[in-house]
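Q: What follows is a predicted protein model with its sequence.
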Amino acid sequence: MNDEVSGIILKQTDYKEADSILTVLTREYGKISFVARGTKKMTSRNRSAVFPYTVGLFAFDYRQNKTMFSLKTARTQKFYRILHEDIERAASASLLAEMTDAMTMERSDSQREYILLEKAYDLINDGAHVHTVCCLFLVEMMDLFGILPEADGCVRCGNHIVYTISAKDGGFLCKNCAPPFSEGKDPADLKRFRLLIKAGLEHVKIVEDAGGAKKSDLRLFIDILEEHGGIHLRSFDFYDRLFAIE
Ligand SMILES: [Zn+2]
């Protein structure tokens, strides 16, 4: 049977001499892999359709209980030109793809993740603020993953008057629960942290209008992900260096 699915390419890995393996998040089958033959030869018709961070239509023979399939044809549906040409946007696309890859299981229902990632790529390609999109996307993914940071009060005692944010505790701490002699966070930082958790990716414009996220916000969420999800994102190192001068 010849199946055709829409999917977002999360990564492309070299395989044998001229082939590559694509990790693709699909709407229908969740995350699956394709062996794409001959993609490294310039003459390959599939070549432009196997770039990471693009949306494509993939034809293959579906088999139950399999996670890797031989790719017959691929056709690009959304190439995201600006996202690929601008190095900062490309770095954020790579970070979002790594988050998605790390936070989804093969062959599990990933409809919501798919919708979120496509939306995030649309936004980045259309010029949205990258730190803000990355933060809002990561928070949505953390929610699906079951590690949403606490944003209503102190993680430990529920006190609504909060003093600082702790990656280790996974959210706000009040002055009583904060480590002794620790410095409190600026109220604007506390407010922004809460907004980023509550807003949702669909409200990116509202967050941008309120000043948007800072790289330090993204780092905080990434620290929480590492602490509570056990996930280290290698692509953040490059992202971090790239945005060093701000
Ligand atoms: Zn407390």
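A: It's in. Numbering: from 1, shown residues only.
Q: Need phi/psi at the closest residue to residue 121 other than its chain neighbours.
A: The shortest distance from residue 121 to any non-neighbouring residue, by Cβ to Cβ, 6 or more residues apart in numbering, is to residue 80 (5.7 Å). Placement of C-beta: from N, CA and C, glycine included. Note on residue 80: backbone dihedrals following degrees, to the nearest 10 are phi 60, psi 60.
Q: And the helices in this protein, which stretches?
A: 81-85, 87-103, 111-125, 130-145, 187-199, 204-209, 215-229, 235-242 (DSSP state H).
Q: Only alpha carbons, please: show the shortest one as CSV.
A: Think helix 81-85. What follows is helix 81-85, C-alpha atoms only, in CSV (Å, rounded to 0.1, in the frame of the first residue of the first chain):
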residue,chain,number,x,y,z
ARG,A,81,13.0,30.3,3.0
ILE,A,82,13.6,33.1,5.6
LEU,A,83,13.9,30.6,8.4
HIS,A,84,16.7,28.9,6.4
GLU,A,85,18.5,32.0,5.2
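Q: What lies in contact with it?
A: 51, 53, 89, 90, 93, 121, 124, 125, 126, 127 (Cβ atoms under 8 Å, 6 or more residues apart in numbering).
Q: Across the sheet, point out what pairs with residue 30.
A: Counting by DSSP bridges, residue 30 forms beta bridges with residue 26.
Q: and the residue most central in space within the chain, what does it touch?
A: Centroid-nearest residue in the chain, with Cα atoms, centre = their mean: residue 96, separated by 2.7 Å. Neighbour list for residue 96: 117, 120, 121, 124, 133, 134, 137 [criterion: Cβ under 8 Å, 6+ apart].
Q: Let me know the pLDDT of it.
A: Here, the pLDDT recorded for residue 96 equals 98.
Q: Could you report the distance from it to the ion?
A: According to Cβ to the ion, to the nearest Å, residue 96 stands 33 Å off from the ion.
Q: Kindly report the same for residue 184.
A: When residue 184 is compared with the ion (using Cβ to the ion), they lie 13 Å apart.
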